[in-house]
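# build me a model from this:
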Amino acid sequence: MRPLIEIPAADGTAEALVARPDDGNHPGVLLCIDALGLRPRIQEMADRIASWGYIVLAPNTMYRSGTAAQTTPTTDLRIPEERAAYGKKVGPYLALLTGAAIDADLPHYLSALRGLDGVGEGPVGVTGYCMGAKLATRCSGLDPSVAACGGFHGAMLATDDDDSPHLTLGGAQAEFVYGHADNDQAMTPQMVERLDAALAEHGLVAQSAVYPQAPHGYTMSDTSSHQQAGEDRHWSELQALFARTLGA
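Got it, this is the predicted structure:
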């Protein structure tokens, strides 16, 4: 991976990677990672979004638990047993990412994104994967200058908890695209229905779909959860969302 930068966060310093199409001025996009760390696959995804004409910042949102290297698995997650084994280790990382902690971090991440050369003060986009979809959703509710929000194989986006991400949508002005994994216990049909109802309640432009036979983690080609059809559909829908709302 390319060298990471360091950015301020609510409880310390977070590493982050940056991807650019060139040295010019472009809209900014915040990429919120999954629970598998700030790793080469995330750089590939950031580079792809940058190739559409955006400057992308992807922070190590698990910085409270350690550095990017410390919170990234070293085993081959394309092996199902290794993927399952690592999934059991991330609980302590996720426990620190409460709604309050996420909400405290997000203004710092957006400030760092806007502070990158070439981004400026215009509308920005955000996209998130797995737990990152939770951050992306909350980010849109916290900051009305977020014009676009993508969430893919998201987890726990509309729960019964008082700090559920869907409850933050009253402050949002973004357009939303969600691509849910099929038969996902982290985002059940009831949660999808609750999220869709919240988006409609607040009059938000939104596209929400369950991708057929797509497992949780379908975009991640470095894991056994990868599904090419789901990954391809997500790229198409995300690119169209950003083109509509941010230009390029």
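
# which ones are touching the residue nearest the centre of the chain?
For the chain, the residue lying nearest the average C-alpha position, counting by C-alpha atoms, centre = their mean, turns out to be residue 128 (1.3 Å). By C-beta atoms under 8 Å, 6 or more residues apart in numbering, the contact set of residue 128 is 31, 32, 33, 134, 135, 136, 137, 150, 151, 152, 154. C-beta: built from backbone N, CA, C; applies to glycine.

# pull stretch 199-207 out as CSV, backbone CA atoms only.
The C-alpha coordinates for stretch 199-207 follow below in CSV (Å, rounded to 0.1, in the frame of the first residue of the first chain):
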residue,chain,number,x,y,z
LEU,A,199,-35.8,7.4,4.7
ALA,A,200,-39.4,7.9,3.4
GLU,A,201,-40.4,9.6,6.7
HIS,A,202,-37.8,12.3,6.1
GLY,A,203,-38.6,12.7,2.4
LEU,A,204,-35.1,11.6,1.4
VAL,A,205,-34.3,10.4,-2.2
ALA,A,206,-33.2,6.8,-1.7
GLN,A,207,-32.7,3.6,-3.5
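
# just the residues contacting that stretch, thanks.
Here stretch 199-207 makes contact (C-beta under 8 Å, 6+ apart) with 166, 169-170, 172, 174-178, 196, 208, 237, 241.

# partners of the helix or strand hosting residue 147, with directions?
Element membership of residue 147 [criterion: DSSP states H and E] is strand 146-152. For strand 146-152, the pairing partners within the sheet under DSSP bridges are strand 124-129 (parallel), strand 175-180 (parallel).

# so of the contacts of residue 128, which ones are in strands?
Cross-referencing the contacts of residue 128 against strands under DSSP state E gives 31, 32, 150, 151, 152.

# beta partners of the third one?
Per DSSP bridges, the residues bridged to residue 150 are residue 127, residue 177.

# helix, strand, or coil at the spatially most distant residue from the centre of the chain?
Largest separation from the mean C-alpha position in the chain: residue 81, at 25.0 Å (C-alpha atoms, centre = their mean). Using DSSP: H, G, I helix; E, B strand; the rest coil, the structure places residue 81 in helix.

# how close does it get to residue 91?
Per C-beta to C-beta, to the nearest Å, residue 81 is found 18 Å from residue 91.

# same check on residue 14?
Distance, residue 14 to residue 91, by C-beta to C-beta: 20 Å.

# more neighbours, those two?
Higher neighbour count among residue 14 and residue 91: residue 14, with 25 against 9, using other C-beta atoms under 10 Å.

# who does the helix or strand bottoming out on mean pLDDT in the chain touch, helix- and strand-wise?
Counting by mean pLDDT, DSSP states H and E, the chain has its least confident helix or strand at helix 80-87, which shows a mean of 87. Where contact means 3 or more C-beta pairs under 8 Å, 6 or more residues apart in numbering; DSSP states H and E, helix 80-87 is not packed against any helix or strand.

# fine by me, we can end here.
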